[in-house]
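# can't give you the sequence, but here's the structure:
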(Lines give C-alpha, C1' and ligand atoms only; values in the text may rest on other atoms or scores of the structure.)
Protein backbone atom coordinates (compact mmCIF):
# COMPACT_ATOMS: atom_id res chain seq x y z
CA UNK A 1 0.00 0.00 0.00
CA UNK A 2 1.44 3.33 -1.07
CA UNK A 3 0.30 6.55 0.59
CA UNK A 4 0.42 10.13 -0.65
CA UNK A 5 0.42 13.04 1.79
CA UNK A 6 -0.99 16.36 0.62
CA UNK A 7 -1.97 19.41 2.60
CA UNK A 8 -0.61 21.23 5.62
CA UNK A 9 0.47 19.72 8.94
CA UNK A 10 -1.09 22.68 10.76
CA UNK A 11 -4.32 22.10 8.83
CA UNK A 12 -6.72 24.24 6.90
CA UNK A 13 -10.43 24.62 6.23
CA UNK A 14 -12.11 22.59 3.46
CA UNK A 15 -13.55 25.00 0.89
CA UNK A 16 -16.91 24.61 -0.84
CA UNK A 17 -17.09 25.78 -4.46
CA UNK A 18 -20.13 26.68 -6.53
CA UNK A 19 -20.68 25.50 -10.11
CA UNK A 20 -18.64 28.45 -11.42
CA UNK A 21 -15.57 27.50 -9.39
CA UNK A 22 -15.90 30.32 -6.86
CA UNK A 23 -15.39 29.55 -3.18
CA UNK A 24 -18.65 30.15 -1.35
CA UNK A 25 -18.00 28.78 2.13
CA UNK A 26 -16.13 26.18 4.17
CA UNK A 27 -17.36 22.76 5.30
CA UNK A 28 -18.93 22.80 8.74
CA UNK A 29 -19.73 20.09 11.29
CA UNK A 30 -23.15 19.51 12.91
CA UNK A 31 -22.54 22.26 15.44
CA UNK A 32 -21.72 24.82 12.72
CA UNK A 33 -17.95 24.88 13.37
CA UNK A 34 -15.59 25.02 10.40
CA UNK A 35 -13.91 21.64 9.77
CA UNK A 36 -10.10 21.74 9.73
CA UNK A 37 -8.33 19.05 7.70
CA UNK A 38 -4.81 18.23 8.93
CA UNK A 39 -2.12 16.11 7.32
CA UNK A 40 -1.12 13.23 9.61
CA UNK A 41 2.21 12.13 8.14
CA UNK A 42 2.94 9.64 10.92
CA UNK A 43 -0.27 7.73 10.27
CA UNK A 44 0.36 7.68 6.50
CA UNK A 45 3.92 6.42 7.07
CA UNK A 46 2.64 3.66 9.37
CA UNK A 47 0.04 2.59 6.80
CA UNK A 48 2.66 2.53 4.05
CA UNK A 49 5.15 0.51 6.10
CA UNK A 50 2.45 -1.95 7.22
CA UNK A 51 1.47 -2.46 3.57
CA UNK A 52 5.13 -2.73 2.46
CA UNK A 53 4.73 0.41 0.38
CA UNK A 54 6.13 3.91 0.45
CA UNK A 55 4.94 7.25 1.74
CA UNK A 56 5.35 10.21 -0.61
CA UNK A 57 4.95 13.81 0.54
CA UNK A 58 3.52 15.97 -2.23
CA UNK A 59 3.73 19.74 -2.19
CA UNK A 60 1.83 19.91 -5.46
CA UNK A 61 -0.18 17.18 -7.12
CA UNK A 62 2.10 16.58 -10.13
CA UNK A 63 5.32 16.17 -8.15
CA UNK A 64 3.78 13.75 -5.68
CA UNK A 65 1.98 11.68 -8.28
CA UNK A 66 5.05 11.30 -10.51
CA UNK A 67 7.09 10.06 -7.52
CA UNK A 68 4.32 7.68 -6.52
CA UNK A 69 3.99 6.34 -10.09
CA UNK A 70 7.76 5.78 -10.21
CA UNK A 71 7.54 3.70 -7.02
CA UNK A 72 4.64 1.69 -8.39
CA UNK A 73 6.50 1.04 -11.66
CA UNK A 74 9.43 -0.43 -9.68
CA UNK A 75 7.15 -3.15 -8.34
CA UNK A 76 7.18 -6.63 -9.78
CA UNK A 77 4.52 -6.99 -12.42
CA UNK A 78 2.51 -10.14 -12.87
CA UNK A 79 -0.53 -11.13 -14.84
CA UNK A 80 -3.56 -11.61 -12.66
CA UNK A 81 -5.96 -13.02 -15.22
CA UNK A 82 -6.57 -13.46 -18.90
CA UNK A 83 -9.81 -13.32 -20.80
CA UNK A 84 -10.23 -14.99 -24.18
CA UNK A 85 -12.87 -13.79 -26.59
CA UNK A 86 -13.99 -15.93 -29.50
CA UNK A 87 -15.49 -14.25 -32.51
CA UNK A 88 -18.05 -16.35 -34.34
CA UNK A 89 -18.90 -15.84 -37.98
CA UNK A 90 -22.62 -15.30 -38.50
CA UNK A 91 -24.12 -17.64 -41.07
CA UNK A 92 -27.81 -17.24 -40.29
CA UNK A 93 -28.46 -15.13 -43.41
CA UNK A 94 -28.44 -18.23 -45.64
CA UNK A 95 -31.21 -19.87 -43.61
CA UNK A 96 -33.25 -16.67 -43.46
CA UNK A 97 -32.97 -16.29 -47.24
CA UNK A 98 -34.06 -19.89 -47.81
CA UNK A 99 -36.99 -19.50 -45.40
CA UNK A 100 -38.12 -16.28 -47.11
CA UNK A 101 -37.87 -17.93 -50.54
CA UNK A 102 -40.00 -20.87 -49.39
CA UNK A 103 -42.51 -18.52 -47.77
CA UNK A 104 -42.76 -16.44 -50.93
CA UNK A 105 -43.22 -19.60 -53.03
CA UNK A 106 -45.96 -20.74 -50.68
CA UNK A 107 -47.75 -17.40 -50.97
CA UNK A 108 -47.56 -17.39 -54.75
CA UNK A 109 -48.57 -21.00 -55.35
CA UNK A 110 -51.20 -21.59 -52.70
CA UNK A 111 -52.47 -18.15 -51.87
CA UNK A 112 -53.80 -17.07 -55.29
CA UNK A 113 -55.47 -18.51 -58.28
CA UNK A 114 -53.53 -17.85 -61.43
CA UNK A 115 -53.12 -19.55 -64.79
CA UNK A 116 -50.09 -21.70 -64.09
CA UNK A 117 -50.95 -22.61 -60.52
CA UNK A 118 -54.26 -24.05 -61.74
CA UNK A 119 -52.37 -26.40 -64.06
CA UNK A 120 -50.41 -27.82 -61.14
CA UNK A 121 -52.79 -29.88 -59.08
CA UNK A 122 -51.23 -30.34 -55.68
CA UNK A 123 -54.33 -31.88 -54.18
CA UNK A 124 -55.77 -34.64 -56.31
CA UNK A 125 -59.43 -35.26 -55.69
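Received it, and whenever you're ready, just let me know what you need. None of the values given here were measured: they were computed from a predicted structure.

# OK, contacts around the nearest residue to residue 17 once chain neighbours are set aside?
In space, residue 17 comes closest to residue 23 once its chain neighbours are excluded; the distance is 5.7 Å by CB to CB, 6 or more residues apart in numbering. For every residue, glycine as well, the C-beta is placed using N, CA and C. The contact partners of residue 23, taken as CB atoms under 8 Å, 6 or more residues apart in numbering, are 15-17.

# quick one: residue 23 from residue 67, how far?
Going from residue 23 to residue 67 by CB to CB, to the nearest Å gives 29 Å.

# swap in residue 100?
With CB to CB as the criterion, residue 100 and residue 67 are 66 Å apart.

# same deal with residue 12?
Residue 12 sits 23 Å away from residue 67, going by CB to CB.

# where do the helices sit along the protein?
Using DSSP state H, the helices of the chain run over residues 41-50, 61-74, 92-111, 115-119.

# Let me know the pLDDT of residue 110.
In this model, residue 110 is scored at 69, pLDDT.

# just use 56 as the starting number from now, easier for me
New numbering, starting at 56: the last item is residue 165.

# hang on, isn't residue 84 packed against residue 69?
No. Between residue 84 and residue 69 there is no contact, the gap being 10.8 Å when judged by CB atoms under 8 Å.

# In terms of neighbours, single out the busier of those two.
More neighbours sit around residue 69 than around the other of residue 84 and residue 69, counting by other CB atoms under 10 Å; the figures are 14 against 8.

# Contacts only, for the more buried one.
For residue 69, the set of contacting residues under the criterion of CB under 8 Å, 6+ apart consists of 81-82, 90, 92.

# what's the closest of the residues you listed to residue 134?
Residue 134 has its nearest neighbour among those in residue 92, at 38.8 Å by CB to CB.

# Hmm, residue 100 is touching residue 110, no?
Yes. Using CB under 8 Å, residue 100 and residue 110 qualify as a contacting pair, with a distance of 4.6 Å.

# These two: which has the busier surroundings?
Neighbours per residue (other CB under 10 Å) separate residue 100 from residue 110, with residue 110 holding more: 20 against 15.

# ok, now how distant is that one from residue 60?
Following CB to CB, the distance that separates residue 110 from residue 60 is 7 Å.
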